[in-house]
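1. following is a predicted model, sequence given first.
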Amino acid sequence: MRSDVVKQGIERAPHRSLLRALGCTQRELSQPFIGVVNSFSETVPGHIHLRDIAAAVKAGIREAGGTPFEFNTIAVCDGIAMNHTGMKYSLPSRELIADSVEIMVEAHAFDALVFITNCDKIIPGMLMAAVRLNIPAIFVSGGPMMAGHLNGGKRIDLSSVFMGVGKISKGEISLEELQELEENACPGCGSCAGMFTANTMNCLTEVMGMALPGNGTIPAVEAQRVHLAKETGQKIMELLEENLCPRDIITTDSVYNAFVADTALGGSTNSILHLLAIAHEAGVDFPLSRINEISNQTPHLCKLSPSGDYHIEDLHLAGGISALLKELKGLLNLKSITVSGKTLGENIRGAKNRDHKVIHTIRKPYSSTGGLSILFGNLCPDGAVVKSAAVSPQMLVHQGSARVFDSEEQATTAIMEDSIKSGEVVVIRYEGPRGGPGMREMLTPTSLLSGMGRDDEVALITDGRFSGATRGAAIGHVSPEAAAGGVIAAIKDGDMISIDIPNHKLEVDLSETEIEQRLAKLPPFESRLASGYLKRYAEKVSSASTGAVFDRG
C-alpha cells in the first residue's frame, strides 16, 4: 500500500505515534488509508450539508475495511462572488484546489481517494487533481438544490433573481416582487437548481465514469443522496483492490462521451473550459474544433433552466443522466469503463426515459444539433463559445455595430442606464484569464439584458466567461484574449460585427491590414494587479482555448 510509507517499519514509529494521536487503532493502522476530500464550507449553499455526505462516505469506507481521513479544500460560491472583485478569484481557485489536493495526498500517502464535490470550480479542480495523482478515486456530489416557488406556484431559481434586477430597472416589477424572488429562489442546500455550471459538471462526472449513476441529479435533500454517498465509500475499496485509476477511466473516449452529453443537455459554456483542462491533465489531446463535429451530430434533447422551464429535479424524475445516455447510445462509446466496475453501456442498460417532455427522444429532439457551439473567424481565430440552446432564434444570425467596454463594470453601467441601442453588439474585453485577471463570469450584464427583454435584440461578446445561468446571444471565451494581443483588443465603437452561430462564424468587418495596424498602435498590456495570487495567476495562465490551465513550460 502507498500508505505503508507512513506506517510500516521501526523507523515509522514516530509517524504511528502521531496517527494514534488522531485516534487510530491498531486495526485501523493496518487498513488502507482513504483520503476523503471534502469541499465543505459554511460560505456556499451547495456545500453547507457536505458534512453529512462525508459522514456517509466514511461509514461506507469503514464498512468495506478502509480507514478514512477527511480533509478540506477551499470553495468559492460564484453567485456570491459575482459582479465584484471576488469573481476574479473564482476560476483561479480551480488551480489552487487541484494543487492543494496534490499536496495533501502526496504528503500523507493515501492509498485511494473519495472526492466530495459541488459547485463550479471545485468539481473540475478535483477532477484535475484525480487524473494528475492517478491513484484509485471516485466522486460523489452533494446534489442539486430544489427549485424555488413563488406564491402563485411558479418555479424559480437563482437566475430568476438576477433577471429580476433587470426587470426592476425597466419598471416591470416592484421592489416587493423582487424581494419575493430573493426570498424564494434558493430554498435550501445544493448546487443551484438549473443546468448551470455545477450541475453540468456533476452530470458530466457521471458520464465520464468517475461517479456512480445518479451523481448528477439526485436532489441534495433526498435520502437517496446519502445512500449514494455510502455506496461510494464502499465502492472505493473495490477500486483499490482492482487498482482502477482515473487515467484508466478518463480517456479520449470518455471525454468524447462527456461532450456528447453536454451538447445534448445544452450545458454551461464553462464545461468546455473545464473538460479541456481535465483532458490536459489526463494527457488527452482534444482540440476545440472537435466540439463542433460532436455538436453537429448530437441532437439537443433537454432544455433545463436557464434555457427552459425544467430543473434538475425534473431530469432526475425523468430517469436522470442514464435515461439521457440511453437516448444517445448510438452516438456514445459504450465500452468506456466506469467506477461502478461496469461499462457505460452496462450502466445504462436498464435506464428508461420516463418523461419525454423533459428528455426528448432522439427521434423528436428540440433540434438536430447540440446546444453548444464553437465559433471561429477573424475576431476569434482560436475560438469562442456560445450556449446556442439559450439563444433566441432571431439572434442566431445577427449583424450589429460594436459598443466597446474595457471592463464588466463599464458595460453594466451602460446597460443599467439603458444606453445600449437595439441591434448593437456589446463587447467586453480585458476580462480574459490573463487580462481580468481571472476570467470573470458576466452573469450581471446578460441577466440585465434578459430581464429588460433585450436578449432578442442585443448580442454580447467577451474574452471573459459566462455563468451557466446565462441566456441570450452571449459569446464568451474569445481567443486570443485582448491582453494577449487578440483581435478583440482592436475593435472600436461602430465596427460591424457579424454573428452566424449555425455556421460557427464570428467576424469583424475589418481588413487584415487594418487589424494589424490597430494592434500595432496599442500599448503593451500591463496587469491591473501589482501583487498577490492573481498577479502570479496572470503570469502562468494559458488561453481559454486550451482550458485556461497553467503553462508549466
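-> Nice, thanks for sending it over. Numbering: from 1, shown residues only.
2. point out where the chain drops to low pLDDT.
-> Along the chain, the parts satisfying pLDDT under 70 run over 468-470, 530, 552-553.
3. strands of that one, start to end?
-> 33-38, 67-72, 112-117, 137-141, 148-149, 155-156, 373-377, 380-386, 397-405, 425-428, 459-462, 474-479, 496-500, 505-508 (DSSP state E).
4. can you spell out which helices and strands pack onto the fourth one?
-> Translated: strand 137-141. Judged by 3 or more CB pairs under 8 Å, 6 or more residues apart in numbering; DSSP states H and E, strand 137-141 is in contact with strand 112-117, helix 122-133, helix 197-208, helix 223-242. Yep, even glycine has a C-beta here, placed from its N, CA and C like the rest.
5. reformat those as CSV; add distance to residue 149 and mean neighbour count.
-> Below are the helices and strands packed on strand 137-141 laid out as CSV (distance: least, CB to CB, whole Å; neighbours: other CB atoms under 10 Å):
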stretch, distance to residue 149, mean neighbour count
strand 112-117, 27, 28
helix 122-133, 27, 26
helix 197-208, 19, 30
helix 223-242, 21, 20
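6. wait, which of those is closest to residue 3?
-> strand 112-117 (9.6 Å; CB to CB).
7. now do the closest one: distance to the chain's middle.
-> Centroid separation between strand 112-117 and its chain, computed with CA atoms, centre = their mean, to the nearest Å, is 18 Å.
8. other residues contacting that strand?
-> 32, 34-40, 50, 53-54, 57, 61, 66, 68, 105, 123, 126-127, 129-130, 133, 135-142, 201-202, 205, 229, 232-233, 236-237, 239-240 (CB atoms under 8 Å, 6 or more residues apart in numbering).
9. likewise for stretch 74-85?
-> Against stretch 74-85 from outside (CB under 8 Å, 6+ apart): 39-41, 43-47, 86-87, 89-90, 93, 96-97, 100, 119-122, 158, 192, 197, 408, 412, 441, 443-444, 467.
10. what ranges does the stretch 1-150 of the chain have for its helices?
-> 13-21, 26-30, 50-63, 78-81, 90-108, 122-133 (DSSP state H, counting those that start in this stretch).
11. tell me which of those helices is the most buried.
-> Of all these, helix 122-133 carries the top mean neighbour count, a mean of 26, counting by mean count of other CB atoms under 10 Å.
12. please name the residues that touch the residue nearest to residue 486 when sequence neighbours are not counted.
-> Distance criterion CB to CB, 6 or more residues apart in numbering; nearest residue to residue 486, sequence neighbours excluded, is residue 480 at 3.4 Å. Residues in contact with residue 480 (CB under 8 Å, 6+ apart) are 381-382, 486-487, 543, 545.
13. now do residue 548
-> Counted by CB under 8 Å, 6+ apart, residue 548 has contacts 91, 273, 277, 433, 439, 541-542.
14. could you measure from the residue lying closest to it once chain neighbours are set aside over to residue 240?
-> Among residues not flanking residue 548 along the chain, residue 433 sits closest, at 4.4 Å (CB to CB, 6+ apart). For residue 433, the distance to residue 240 equals 36 Å [CB to CB, to the nearest Å].
15. ditto for residue 295
-> 37 Å.
16. nearest to residue 339, of the contacts of residue 480?
-> residue 545 (30.1 Å).
17. what's the neighbour count on the residue lying closest to residue 508 once chain neighbours are set aside?
-> The shortest distance from residue 508 to any non-neighbouring residue, by CB to CB, 6+ apart, is to residue 379 (4.7 Å). The tally of other residues near residue 379 (other CB atoms under 10 Å) stands at 28.
18. residue 379 against residue 489, yeah?
-> No - contact criterion CB atoms under 8 Å: residue 379 and residue 489 do not qualify, at 10.8 Å.
19. what about stretch 72-83, start to end distance?
-> 27 Å (CA to CA, to the nearest Å).
20. show me how far that stretch is from its chain's centre.
-> 13 Å.
21. against residue 422, how distant is the spatially most central residue of the chain?
-> By CA atoms, centre = their mean, the mean C-alpha position of the chain lies nearest to residue 197, the distance being 3.7 Å. Here residue 197 is placed at a distance of 30 Å from residue 422 (CB to CB).
22. residue 364 now?
-> 35 Å.
23. also residue 239?
-> Taken as CB to CB, the span from residue 239 to residue 422 is 56 Å.
24. could you do residue 358 as well?
-> Counting by CB to CB, the gap from residue 358 to residue 422 is 34 Å.
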